[in-house]
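Asker: Sequence first, predicted model second:
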Amino acid sequence: MRLCGIAAPSKEARNIVMNALKSNGNMSTRDLFHRVHAMKSPNPSQRQDSTSTKKSAEDDLPIPSISYLKHSVMPFLSSRGQVQKVVVTNRLTEEQIAQRLKQLRKSRRAVNAGEQSDMVQSWKWKLVQP
């Protein structure tokens, strides 16, 4: 199956993503990528010297980049009805609100201090239950 001119992702890549979602629940694309790499990264002792070979350690991984995960693996799984993207609303803690205000310029801080919402929405991937 081809999606938008891109070959279907490998079975190993699909299985890794499905296992990560099963064990961790709803996850953003970025969190999913980092979880997958934490699960599949070769040990530093197993890595070869980068000068001795043209292939890097990332070339051996089934999901080499966030872009590949986002534009190849996830659309494939979504088209098969195995995952879906959902909007999740979370309440920010006082520390997170303070951090957001701290990142604003002083002039915007005064204006936005009363307008800051304690709710934030994000897109997450969710397994579809059969």
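Answerer: Sure, I can see it. Residues are numbered from 1 along each chain as shown.
Asker: Tell me which stretches of the chain form helices.
Answerer: Residue ranges of the helices in the chain, as given by DSSP state H, are 11-24, 29-40, 66-68, 74-79, 94-103, 106-112.
Asker: So which of those is nearest Val128?
Answerer: Ranking the helices of the chain by proximity to Val128 (Cβ to Cβ) places helix 74-79 first, at 9.0 Å. Placement of C-beta: from N, CA and C, glycine included.
Asker: Tell me the buried residues in the closest one?
Answerer: Met74, Phe76, Leu77 (16 or more other Cβ atoms under 10 Å).
Asker: now stretch 18-27
Answerer: Neighbour-count burial for stretch 18-27 [16+ other Cβ under 10 Å]: Ala20, Leu21, Asn26, Met27.
Asker: still on that earlier bit, for Val88, find the nearest of the helices of the chain.
Answerer: In terms of Cβ to Cβ, the element of the helices of the chain nearest to Val88 is helix 29-40, at 11.7 Å.
Asker: Take the closest one, keep the C-alpha atoms, and write them as CSV.
Answerer: This file holds the C-alpha atoms of helix 29-40, laid out as CSV (Å, rounded to 0.1, in the frame of the first residue of the first chain):
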residue,chain,number,x,y,z
THR,A,29,4.0,12.2,18.0
ARG,A,30,7.1,13.6,19.6
ASP,A,31,6.7,11.6,22.8
LEU,A,32,6.0,8.5,20.8
PHE,A,33,9.2,9.0,18.8
HIS,A,34,11.3,9.5,21.9
ARG,A,35,9.7,6.4,23.5
VAL,A,36,10.3,4.3,20.4
HIS,A,37,14.0,5.4,20.3
ALA,A,38,14.4,4.7,24.0
MET,A,39,13.1,1.1,23.4
LYS,A,40,15.1,0.4,20.2
